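# Below: sequence and its predicted model.
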Amino acid sequence: MIRAHMPQLPIALMRIAKYAVANPELIVHQSAAQVASSSKSGQASVIRFCRTVGFNGFQDFKLALAGELATRPIRSAEPDASRKLSDQLGDNLIAAIQENRSLLNFGDVEILAMRLLKAKRVDVYGAGFSGILASLLAARLLRLNVHAFAISDPTFGAEVAHGLDGDCVAIAISETGLTRDTVTALRRAHSAGAFTAAITSRPESPLVGAADLMLLAASIESPLTGGALTPAFTQLFVIEVLVSAATIARNDH
């Protein structure tokens, strides 16, 4: 959740966020004043940061952080230099999937799954690499006899959105939630009366503003560059959870 909020944070809160991601084991034993000092921020900023990322206060944040640390596999602080890159990548993927399990609201997953099963038409938007994932989601839904269409050109999607109504669903996939054409397509679908959903890593993005429901995909760090790795892995996880929920719901009915 911290990583999901980081792109929108002001500078002072960004320093705290980076410190929290880099030093979770330290924070669970520190006071708000110590975290403020270590991150070169004010104590009030620490409290504000905790509330911004979804907690009531610093103690609530520490308890959640301690609970997450308890579920993580124990790792060496200094990895062996001979460790294969594929092993590091595998660990990062496992950690990202574990994070995604806590980020996903499974109540929302079930709501969207039922909407999909009842929809007379489902449009799935995605540009670039997200377009590939849109095609995959549409194909998986077609196997459930859901009339789903992948639209990799969101400009075209916006043009045909007038054919949607309250019995339809539109889903947009975008890691940043900032792709203009994808946002425009989802807004048009929402204006037409369709139930709209966003699969993204940014909970405060314009795409989410056009969605009735959001499914968060965790970000992944590359062991080679230390930067962001393709979000396809966690977005694919979200897609598979959604399709699995729809499959279970269909079989139950």
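Perfect, I can see it now.
# Give me the sheet partners of the strand or helix carrying Ile171 and which way each runs.
Secondary structure here is read from DSSP states H and E; on that basis Ile171 sits in strand 168-173. In the sheet containing strand 168-173, the strands it pairs with under DSSP bridges are strand 121-125 (parallel), strand 195-200 (parallel).
# how about those in JSON lines, adding mean neighbour count, mean pLDDT and distance to Leu65?
(Each C-beta comes from the backbone N, C-alpha and C, glycine too.) Below are the strands paired with strand 168-173 laid out as JSON lines (neighbours: other Cβ atoms under 10 Å; pLDDT from 0 to 100; distance: least, Cβ to Cβ, whole Å):
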{"stretch": "strand 121-125", "mean neighbour count": "26", "mean pLDDT": "96", "distance to Leu65": "35"}
{"stretch": "strand 195-200", "mean neighbour count": "27", "mean pLDDT": "96", "distance to Leu65": "24"}
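# Those: which one's closest to Glu159?
strand 121-125 (11.4 Å; Cβ to Cβ).
# Remind me what the helix or strand just after the closest one packs against, helices and strands.
Once strand 121-125 ends, the next helix or strand along the chain (criterion: DSSP H and E) is helix 129-142. Packed against helix 129-142 by the contact rule (3 or more Cβ pairs under 8 Å, 6 or more residues apart in numbering; DSSP states H and E) you find strand 121-125, strand 148-151, strand 168-173, helix 232-252.
# in helix 129-142, what counts as buried?
Applying a neighbour-count criterion of 16 or more other Cβ atoms under 10 Å, the buried positions in helix 129-142 are 130-131, 133-138, 140-141.
# Of these, which is the nearest to Gln34?
For those, the nearest to Gln34 is Ser130 (40.9 Å; Cβ to Cβ).
# Quick check: chain neighbours aside, which residue is closest to that closest one?
With Cβ to Cβ, 6 or more residues apart in numbering as the criterion, Ser130 has its nearest non-adjacent residue at 4.3 Å, and that residue is Ile173.
# Tell me the confidence at that neighbour?
On the pLDDT scale, Ile173 is placed at 95.
# ok so, going back, which one of the strands paired with strand 168-173 lies closest to His5?
In this view, the strands paired with strand 168-173 are compared for proximity to His5 by Cβ to Cβ, and strand 195-200 is the closest at 12.5 Å.
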